Structure formats: structure tokens, C-alpha cells
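>>> pasting a predicted model and its sequence here:
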Amino acid sequence: MASVASQLPVLSLPREDADENSHRAFAAELCRTCHDVGFFYLSNHGVEQACDNVLDASRAFFALPLAEKKEIDYTRSRAFRGYMYDGAENTAGKPDRREQIEFGVECAETCATEGPYYERLKGPNQWPAQVPLRAPVEDFQNKMATLSRRIMTYLAIGLDLDGGYFDSMFGDEPNVQMKICRYPPSDGSVGEHSDTGILSFVVQDSVGGLQVQLHDSGEWIDAPPIDGTLVVNLGEMIQLITGGYFLATPHRVQNLNGSQARYSVPYFWNPELDYRVEFIESSILDSLVWHRPRPSDDSFRATGSHGGANRLISAYGENAFKSFARSHPVVMRRHHSDLVMNPDGSITSPSSSIL
Ligand SMILES: O=C(O)CCC(=O)C(=O)O
Ligand SMILES: [Fe+2]
């Protein structure tokens, strides 16, 4: 695949047996990039083969007739899992033009029966019977979890924190989300948004269409495919934790290619559902080099998506549920009609139990 030059930085992951200086240099470059842009490419990440395998498997799934894909229709799942046809989802009220399967942590239908409403995000995945998708997806997820933990260690070191600083928020059950997507030719799209968790990785094919909004100018730039890389960006929780030092950068997709569909695999590395943001000590934040004015409290608690007023919720489970609830009104009506969605997307639950 031909690679087009990108305005976004390409960071090369050091080998695990690299010397101490290489690890520290990578950690510093990573943190600087997360502060300045919040978006970059990662090369030499070691997951290349698993990325290709899951892209191939997803092409095979999307090639199935619509009726067969709808055998795993997402509206059957209260946990927002399964196949979403083109136009099923919306961002900021406008239909997205992609089809996808949404996956989460595998769990029995009955695995969450009490606790706050956001525990309803736990549940079983829906797997197609026609194509072997589960093995490549689970292999990819295992490798991505290991990679995600490594990146978190580098972020901690680059912030001058203990390497294990972030470990506890992921606990035994990080709320990993993932999807496989197909954007149709000419007008495939997903609207401007920021991601809700900590780290997002995107495997993209050679078609292109991912766009990123620069923080300072507000300008939209392309993130064209670069062979062998993952695109990485940061989620809303890490922007909150770092008091706005790291950016949860808004992004969107527009597939303007008139003849080719675009396939991508976004993977989201998130905390445990019951995680609540713990801010990094202000003395640490004071000691960091800020290349832009330090944001006010109000500004780092929101991102520019949803008309510039996307308020971030410090309780991760609530922040994650908000995003699903806004995008999937059909699931809300069918499975969560007891929950009340407020104008800013947050949820009021009449009962303290999920049942
Ligand atoms: O498909 C892509 O390239 C990115 C999709 C995305 O940003 C998302 O699903 O959150
Ligand atoms: Fe995203």
C-alpha cells in the first residue's frame, strides 16, 4: 500500500529489550504528542498480523447479505452489542453512514444483576455463525490489551509518575470496547466526536477518510493510512485525569472515495466501569511543561464535539453509557425505557438497582 505523508507524528514503539534511554525517550515523545495533538501513528507495535487478520475477517462478514448480518441485530442486546446497519447509529443527532459490529467484554446475559445502571453495559457479544470472526477478534483483543498496558506505563513514566501509576484503574476487568466498521463508498461517515475512555487505537485499511481537529487552530486535517501503523488517540477520561494536559481530540470519518468501501477496526482501552476520575496531583501538573495555556476547569471538563458542549462525566461508567444512549435511541426505548436521558446526554436512573 502506498503511504501518504501525514501531518501527524509517527512514533515507533521501542523493543521491550531496548535500553533504558530508548524507553525514556519514547515516553517523553509520547507525552509531548499527547499534550500537543492527542493523535499519532504507532509503528513497530507488534500487532500487525493480528490487525490484518481481523480486517480480513471483517471484510468477509460485511460481504454477507443484509438479512444474514441482521441475525445478530444490535437491538436484541441491552448492552448495545451486535450488528448495526448503515444509518442505525447517530452522532449529535445526525445518522452515521457506516455499518459495524460492536463488541465488549464477553460476559453472560446474567453477569450483572445489581449495581448502578451502567452495569447494563455488561453482557454477551453476538457472533456471526457464517464467518469465523471470534478467533481473530479475540486474538487481536488479547494482543491489544498487552500493548495498551505498555502505552499506559510509558504515559506514566513520561509524566514523571511511577510506571504502575495507572494500573489500578483497569483492575481485573477493564471495560474494553471494540468494533469492526465498514464505511460505504462516496458518503461513508461518522460525525465529529471524542472517545469516552482512555486510549483508542484504529486499524485502518488503505482507503482513508479519518480526520482530526487540531486543538489550537480548530483546523481539520487528514489522518491518511500509513502501512503497518495503528492510529492512536486519547479518550475523555485521560483528559480529565491530567487536568487537560492530554487532549481527547475530536475526530470524524468521511469516506469520499467514490468506488471503495473503507474498513476499520477501532479498539478502546478503558477503565473498569466503576472507575471515578482521580486527578493527578497538582504539584505534578505544575511541574509539566505546558506548550499551550493551561485550560480553565470548565474547558478541560468538556470537548468540542456535540456543538462544542460535550460535558465529560468523571464517573467512567456514566460517561460511557451517555455515549451509547445518545447514539442508539432504539436500544434506549427497547431496553432502558426506565432511564431518563437529560438534554446533555447524562442519565437519571429512578432506581439504584440495575434490575
Ligand atoms: O473508523 C475510524 O477510523 C474511527 C472511528 C471512530 O472514531 C470511533 O468509532 O470512535
Ligand atoms: Fe472515535
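Done, it's in. Ligands and ions are numbered 1, 2, ... in the order given.
>>> check the gap between the nearest residue to Asp205 once chain neighbours are set aside and Asp17 for me.
Excluding the flanking residues, the one nearest Asp205 by Cβ to Cβ, 6 or more residues apart in numbering is Tyr263, at 4.6 Å. All C-beta spots, glycine's among them, are computed from the backbone N, C-alpha and C. Applying Cβ to Cβ, to the nearest Å, the value for Tyr263 to Asp17 is 34 Å.
>>> Ala223 contacts Val37, doesn't it?
No. Using Cβ atoms under 8 Å, Ala223 makes no contact with Val37, being 10.5 Å away.
>>> which of these two has more neighbours?
Ala223 (23 against 20; other Cβ atoms under 10 Å).
>>> what kind of secondary structure is the residue in the chain that ligand 1 sits nearest to in?
As assessed by Cβ to the nearest ligand atom, ligand 1 sits closest to Ser264 within the chain, at 3.5 Å. With DSSP: H, G, I helix; E, B strand; the rest coil as the basis, the three-state label of Ser264 is strand.
>>> pLDDT at it, what is it?
As predicted, Ser264 sits at a pLDDT of 98.
>>> in contact with it, which residues?
For Ser264, the contacting residues are 180-181, 183, 202-205, 210, 253, by Cβ atoms under 8 Å, 6 or more residues apart in numbering.
>>> alpha carbons of stretch 131-151, in PDB - could you do that?
What follows is stretch 131-151, C-alpha atoms only, in PDB (Å, rounded to 0.1, in the frame of the first residue of the first chain):
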ATOM      1  CA  VAL A 131     -17.800 -16.400   9.200                       C
ATOM      2  CA  PRO A 132     -15.000 -17.200  11.600                       C
ATOM      3  CA  LEU A 133     -14.800 -13.800  13.400                       C
ATOM      4  CA  ARG A 134     -14.500 -14.700  17.000                       C
ATOM      5  CA  ALA A 135     -11.000 -16.200  16.900                       C
ATOM      6  CA  PRO A 136      -9.300 -13.300  15.100                       C
ATOM      7  CA  VAL A 137     -11.200 -10.700  17.200                       C
ATOM      8  CA  GLU A 138     -10.200 -12.400  20.500                       C
ATOM      9  CA  ASP A 139      -6.600 -12.800  19.400                       C
ATOM     10  CA  PHE A 140      -6.500  -9.100  18.400                       C
ATOM     11  CA  GLN A 141      -8.100  -8.100  21.700                       C
ATOM     12  CA  ASN A 142      -5.500 -10.100  23.700                       C
ATOM     13  CA  LYS A 143      -2.600  -8.500  21.900                       C
ATOM     14  CA  MET A 144      -4.100  -5.000  22.100                       C
ATOM     15  CA  ALA A 145      -4.600  -5.300  25.900                       C
ATOM     16  CA  THR A 146      -0.900  -6.100  26.300                       C
ATOM     17  CA  LEU A 147       0.000  -3.200  24.000                       C
ATOM     18  CA  SER A 148      -2.400  -0.800  25.800                       C
ATOM     19  CA  ARG A 149      -0.800  -1.600  29.200                       C
ATOM     20  CA  ARG A 150       2.600  -0.900  27.800                       C
ATOM     21  CA  ILE A 151       1.500   2.500  26.500                       C
END
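>>> much appreciated, bye for now.
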